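[1] Quick check, what structure comes out for this input:
(chains A and B)
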Amino acid sequence: MTSLAERPVNPKVGESVTHESAAPHVTGTALYTDDLAFRAAGVLHAWPVQAPHAHARVTALRPAPALQVPGVVRVLTADDVPGVNDAGTKHDEPLFPTEVMYYGHAVCWVLGETLEAARLGAEAVEVEYEPLPSILTLTEAIEANSFQGNQPTVSRGDAAAALAAAPRRLSGEFELGGQEHFYLETHASLAHVDESGQIFIQSSTQHPSETQEIVAHVLGLHSHDVTVQCLRMGGGFGGKEMQPHGLAAVAALGAVLTGRPVRMRLNRTQDMTMTGKRHPFHARWEVGFDDDGHLLALQATITADGGWSLDLSEPVLARALCHIDNAYFIPNVEVHGRIARTNKTSQTAFRGFGGPQGMLVIEDILGRCAPVLGIDPGELRRRNFYEPGQTTPYGQPVRHAERLRDVWDQVVARSDYEDRRKAVAEFNARHPHLKRGIAVTPVKFGISFNFTAFNQAGALVHVYKDGSVLINHGGTEMGQGLHTKMRQVAATALGVTLDHVRLAPTRTDKVPNTSATAASSGADLNGGAIKNACDQIRARLAEVAARKLNIHPDDVRFVDGRVTGIGFHDSDLSFEEVASAAYFQRIPLFAAGYYRTPGLHWDSARMQGEPFKYFSYGASVSEVEVDGFTGAYRFLRTDIVHDVGDSLSPLIDVGQIEGGFVQGAGWLTLEELRWDTSDGKGRGRLATQAASTYKLPSFSEMPEELNVHLYERATETGVVYGSKAVGEPPLMLAFSVREALRAAAAAFGPEGTVVELPSPATPEAVFWALDGARSAAAPAEQVDASGDGGRRVAASDDGSRETAASHDDGARRVAASHNGDQEVAASENGAPEVAASQNGARDVAASHDGAREVAAANGTIRRGAAHGGASSAGNGESRETPTASAGADTEETVGI
Amino acid sequence: MEPIQVTVNGRTLDGATAGPHTSLLDWLRGQGLTGAKEGCAEGECGACAVLVARPDGPDGTRWTAVNACLPPALAFDGQEIMTAEGLGTASGACAVEDLHPVQREMADRGGSQCGYCTPGFVCAMAAEYYRPGRTPAEASPADQTGTSAAGQAHAADHEVGPNGFDLHALSGNLCRCTGYRPIRDAAYALGTPEETDPLARRREDPAPAPRHTRVHDDAGEFVRPGSLEELFDELEQHPDAVLVAGATDTGVERNIRHTRPRLVLAIDRLSALRTLHAGEDGIEIGAALTLTEIESALDGRVPLLAALFPQFASRLIRNSATLGGNLGTGSPIGDAAPVLLALEASLVLASRGGERQVPLAEYFTGYRTSVREAGEIIRAVRIPLPLAESTAFYKIAKRRFDDISSVAVAVAARIDDGVVADVRIGLGGVAATPVRARATEDALRGRPWTYETAAAAAAVMGEEGTPLDDHRASARYRRAMLEQALVRFFAQTQPQPTLEMAR
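    So this is what the prediction gives:
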């Protein structure tokens, strides 16, 4: 038996093949869960009754009026639940709640002959609520001490002592926004009950086994009574890892009670207002550097906004803590994590699973500190890379750490980074209203579920007498190309052509107890299991062929559907012949495959161990252009070098890298979730609950030039055919876009300008950032018309920053008087559309209205101050604290 | 009354299964044609896009991509539709050999991942594939680094492939998986349709004529009047009837806010509303012409409108949306109104009693209210000539395309001998209605066109309207954008940028 990583002659893995469903996709014939409802007869439609309170007690619920609506068949309530009224695994998610925990929480469901009947029925249900105090923002939660779940700490060394001794010491605060998955296909389930009481649920789920378990416990049944099938998903991104379960359970409950198929499909508004999103985070940090910019210590507290229930918040937080180092060796670390409980949707898995949030914290720290330290941000990053032999703060050796420098150097070379940096500087000197920025950032991302038990998978492989192969595995297809890769793995392992292999839909009655298709692990785990099953069959077939060829079984070769032996050129058999012969010799032609990732250990209490099989590496260079009039920007070019091991399927992998990158760029720039944080009636309502208000990247946000290069000679031993996971790590390549925006905003100010950039860096946020930089430039330029003098002063002497800061204070006083105008404006305008959205305004922004100074007399317009950008996203100040060893001369103010 | 029939993918289907409030998308899916998907139900994502055979002059047909989630299915009585299922010569998962060229490029280049948005992309791409006049010659060799000093033009603003494919054709389609690069590659790899291509040939014959449709059920009534007279009859009897042309707003009302008017009146094919006249002293644009049709008919003749069109929603929306609808809904953030205000346009309001002309600046009376009376419709928009020579349209939004403005500013100025002879500024998103920036205009008129004038007027502009904080932008940002718009306009009108203006 060969090693897991070793590839045979003419492997099907490594070939660029199109998605196995590409033809059905483009012809519109690929079926998704909700399409199936149109092929079934007698289907009932479900509609939720959503509570209009962020937090309330249900004091009365009267379904009777709904039953008077023509076409309404049944109202499902808590009384109908035969098993456990809970939709989660933590027993904190009642399926039919008596306490409303967020605005839009479904308190009951109406089934109708048509969707319209169900909707009208839901409108007719009478519910009385007793409103309760609610907590919405991270700030509110932290002040109120509203936390849930574990509060783990990752630590190494003595961070406090190292900070005290550090020559350069800086601190700050950072709040980063969440992200809506916005899979194009919203949540959907279709439940049937068969003649024997078997429940069959078709569901758009990344975790069919858990959907099965939840449905079973809600119905008071065993797992063998429930089968879940997932044909494919129209996108998942983590949003269908935990969230489908309760929805499937409602459909199943309806099917059991009515005996009819029940279709459950959330429309976009329901999906956005009811299901969880990427966790927003808040971080408070203090960091120490030596004089050369080497990280000495990091002390931080990061708080995830978990929403109303725990869901996957604990493992998300764990991954954030395990990725706060990103690519950097930090000798002394003490990072505390906690999960806020707020009256919002229950935040959940999203591509990267907390990793992006943790990594963004350190990237933001480095981006902010670089100008204070007087070191180029790219150089500061590279200087702190892990070296081979070093370990992470949680005690895992950083395997292949040398690849960090390698991918970095390659992307710098491929992107012509150094020359383009000069070109950007020249462009900026020529263009007063447009500035460009270029930045390079690294990614190191740990692969495997932190939760060790999930790192196993099963597969079922059938070879039929005619040599055709049908494979089944526990992974689900959500567009990531897993099924395509699995066909390639099976064809490689059996030595047949791709058209021999067909893939059957994911079903819990084929492969039991599967893990979620998540954590980028789909191909590693299921590929291992399929290969294992195929290896078993091939070994049996080798015996059959060996007898026919009169050679030793070890010398039999399976290549491209032909079976032959070493050196046998004149005598070979077709795979079909061998399969048929095996059948007649009563050799089993099917096998169950199994794979468990070896060598993992994780102590979640101590936050120490080796939770990851390996790390994925990548680096990207992005160049952006920012418009000084508006803060609007374009992504000019991005170059990526990314490590996917030896790619199983290059077309698929490049697609994952590009798609992940753009999705990450969306998270960091446009995508902004706004909740109504006012004390009005709409408190807790998601203000951005539609495609018209929540903006994903479209064509205009794709980099005008996007070059992706797969890191070469990258065999990962111990993983199926030497490959690496690809689903999540590329998302974090988008950090370079954010850092490029920071650089471009800074270019509006004097050299060395510190820019605090909110996340997401919307055009408005970028405008305030660049406006702040511009204001910082103004006084110096007024003194020295040539413009050069001002820059020299700023670069050489901290004093100019203090001047800028005091100038800002003046501006802020002006601002205060302006708040009054706005309040008047608000009350004057009766526009409901605008008024509704006003509720969604972020609390911090409202309270922190910026400076505004129009100095018509001297012909300049200045607006805002350096703190402007920071304020709108609730960024606190970050400042360098003087330390005993550093002396007073290092006292500097960053940002404010 | 003739039976309700819709021809889909060459097959005539019974349309009577659709009610007055059934969207084209829901009806198609109910027919088993589940290729078109609902992604957002408000015309933002394009997953529901299908092709409709629309008139291209009196004798020809243009395959036009529209969002199926918005218009009522009954609006397609007698019309021809193609969906992704019908594009290949054979349908079904086994038809890999028979893919349409658009489908072939999308499939081969990794243009689909999860595949959910794909049928919509395929239809939007096919419409551009069949667009008459799409020729490689259109490809612009614009240098990406050669952006103009004031930041106006950019290669990607008019991004056209070497095959003449206008990428804006896809600006109304969202994909969450691919990051778009392979889809762009697929679009740019398309050749020209073969002469034997049935859809290419279909363009040579007239589009189906509108039918005189009248359907009612318990939920309401759908009527397509055959003439203005008939329309006025209906309006007289049903003053609360809802007029529908492209349904890009009423469709959202139906899908998201679940409004169910008793009577829907389809007016998109009324010939009296579909004329465009250009005379000596003005241009009159029919209220029911789609923005795409107007864009094509004007062909850059009104530069301010030409600046507006690419930024107005998406091509999918512009293929249905009309000026009448955009002004009729009276939204304070509609993008057409600021531009038309700056153009000093008037509306021609028609009723049984005759017509009257109302300056757009006097049309809006409050949030989504206007001087339009019951029984009155917007028949046309009149733009006086000559046009001011210096114009600009600035749309401030989160996303560059297919987004709703937080602020929209349109400026039309006449600058004679360095003096602002006249100027009109239309604003959207800063008050309950679109407004003229009168105080700013006064601050500019008669002054020398210098930076000092622009800066002083910018301060005035910043105080125009009563902008609010909302999820699109803060009031403070909106005010800043009003100010910046004038500085930007000044920079745009200067031959060379000066560093002084950078402050």
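
[2] okay, CA-based contacts and neighbour counts for the rest of this
    OK.

[3] what separates A:E15 from chain B, distance-wise?
    From A:E15 across to chain B, the span is 13 Å (C-alpha to the nearest C-alpha, to the nearest Å).

[4] dump the residue contacts of that residue.
    A:L648, A:S649, A:P650 (C-alpha atoms under 8 Å, 6 or more residues apart in numbering or on different chains).

[5] pretty sure the second one is touching A:S16, no?
    To tie it back to what came earlier, the one meant is A:S649. Yes: assessed by C-alpha atoms under 8 Å, A:S649 is found in contact with A:S16 at 5.4 Å.

[6] Tell me if I am right that A:A162 is in a strand.
    No: according to DSSP: H, G, I helix; E, B strand; the rest coil, A:A162 belongs to no strand; its state is helix.

[7] quick one on the thing from earlier: looking at A:S649 and A:S16, which one has more neighbours?
    The neighbour count for A:S649 versus A:S16, taken as other C-alpha atoms under 10 Å in any protein chain shown, is higher for A:S649 (25 against 16).

[8] can you count the residues close to residue 279?
    Here I'm looking at chain A. With other C-alpha under 10 Å as criterion, A:H279 counts 28.

[9] To clarify, I was referring to chain B.
    There are 10 residues near B:G279, going by other C-alpha under 10 Å.

[10] try the one 4 residues further on
    Around B:I283 there are 21 other residues, counting by other C-alpha under 10 Å.

[11] Okay, and it sits in which element?
    Assigned by DSSP states H and E, B:I283 falls within strand B:282-286.

[12] Check which helices and strands the following helix or strand past that strand sits against.
    Downstream of strand B:282-286, the next assigned helix or strand under DSSP H and E is helix B:291-298. Judged by 3 or more C-alpha pairs under 8 Å, 6 or more residues apart in numbering or on different chains; DSSP states H and E, the packing partners of helix B:291-298 are helix B:315-318.

[13] Show the model's pLDDT score for the closest residue to A:L482 other than its chain neighbours.
    Leaving aside its chain neighbours, A:L482 sits nearest to A:A523 (6.1 Å; criterion: C-alpha to C-alpha, 6 or more residues apart in numbering or on different chains). We note a pLDDT of 97 for A:A523 in this prediction.

[14] tell me which element the residue of the stretch 351-500 of chain B found nearest chain A falls in.
    Closest to chain A within the stretch 351-500 of chain B is B:D470: 3.8 Å, counting by C-alpha to the nearest C-alpha. Using DSSP H and E, B:D470 sits in no helix or strand.

[15] what does the domain assignment say about chain A?
    A:22-29+A:456-508+A:521-596, A:386-453+A:615-747, A:748-896 (automatic domain parsing).

[16] rank those domains by pLDDT, which is bottom?
    domain A:748-896 (a mean of 46).

[17] The spatially most central residue of chain A and B:C40, how far apart?
    Against the mean C-alpha coordinate of chain A, by C-alpha atoms, centre = their mean, the closest residue is A:R351 at 2.6 Å. According to C-alpha to C-alpha, to the nearest Å, A:R351 stands 22 Å off from B:C40.

[18] Would you map the helices across the stretch 1-150 of chain B?
    Taking DSSP state H, counting those that start in this stretch to define them, one finds helices in the stretch 1-150 of chain B at B:24-30, B:84-87, B:101-108, B:118-129.

[19] Which among the ones you listed is found nearest to A:D80?
    helix B:24-30 (30.8 Å; C-alpha to C-alpha).

[20] Just the residues contacting that closest one, thanks.
    With C-alpha under 8 Å, 6+ apart, helix B:24-30 has contacts from A:35, A:38, B:17-18, B:34-38, B:48, B:68-74, B:76.

[21] With stretch B:319-327 instead?
    With C-alpha under 8 Å, 6+ apart, stretch B:319-327 has contacts from B:64-66, B:244-249, B:286-293, B:334, B:336-337, B:378-381.

[22] Now do that stretch: distance from first to last residue.
    17 Å.

[23] still on that earlier bit, count the residues that sit near the residue of the stretch 351-500 of chain B closest to chain A.
    B:D470, neighbours per other C-alpha under 10 Å, totals 22.

[24] Equivalent analysis for B:A397, please.
    B:A397, neighbours per other C-alpha under 10 Å, totals 22.

[25] Leaving out sequence neighbours, find the closest residue to it.
    In space, B:A397 is closest to B:S405, 4.8 Å off (C-alpha to C-alpha, 6+ apart).

[26] and what of A:E716?
    That would be A:G722: by C-alpha to C-alpha, 6+ apart, it lies 4.5 Å from A:E716.

[27] Can you give me every residue that contacts the residue of the stretch 451-600 of chain A found nearest chain B?
    In the stretch 451-600 of chain A, the residue that lies nearest chain B is A:G479 (3.3 Å; C-alpha to the nearest C-alpha). By C-alpha under 8 Å, 6+ apart, the residues touching A:G479 are A:R232, A:M233, A:G234, A:G235, B:S112, B:Q113, B:C114, B:G115, B:C177.

[28] try B:A431
    Neighbours of B:A431 in contact, by C-alpha under 8 Å, 6+ apart: A:N829, B:P332, B:G465, B:T466, B:P467.

[29] what secondary structure does the third one sit in?
    Spelled out, that is B:G465. Quick answer, by three-state DSSP: B:G465 is coil.

[30] tell me the phi and psi of it?
    phi 70, psi -170 (degrees, to the nearest 10).

[31] now the second one
    In this entry, B:P332 is assigned phi and psi values of phi -70, psi -10 (degrees, to the nearest 10).

[32] I'd assumed B:A408 was in contact with it.
    No: applying C-alpha under 8 Å, one finds B:P332 not in contact with B:A408, separated by 10.0 Å.

[33] list residues touching both of these two?
    Contacts common to B:P332 and B:A408, judged by C-alpha under 8 Å, 6+ apart, are B:G428, B:G429.

[34] which ones are touching A:A539?
    Applying C-alpha under 8 Å, 6+ apart, the residues near A:A539 are A:P553.

[35] doesn't it fall inside a helix?
    Yes: per three-state DSSP, A:A539 lies within a helix segment.

[36] Tell me which residues touch residue 199, please.
    Looking at chain A here, since you left the chain open. Here A:I199 is in contact with A:A191, A:H192, A:V193, A:D225, A:V226, A:T227, A:A252, A:V256 (criterion: C-alpha under 8 Å, 6+ apart).

[37] Sorry, I should have been clearer: chain B.
    B:Y130.

[38] how near is it to B:F165?
    18 Å.

[39] Kindly report the same for A:F451.
    From A:F451 to B:F165 the distance is 49 Å (C-alpha to C-alpha).
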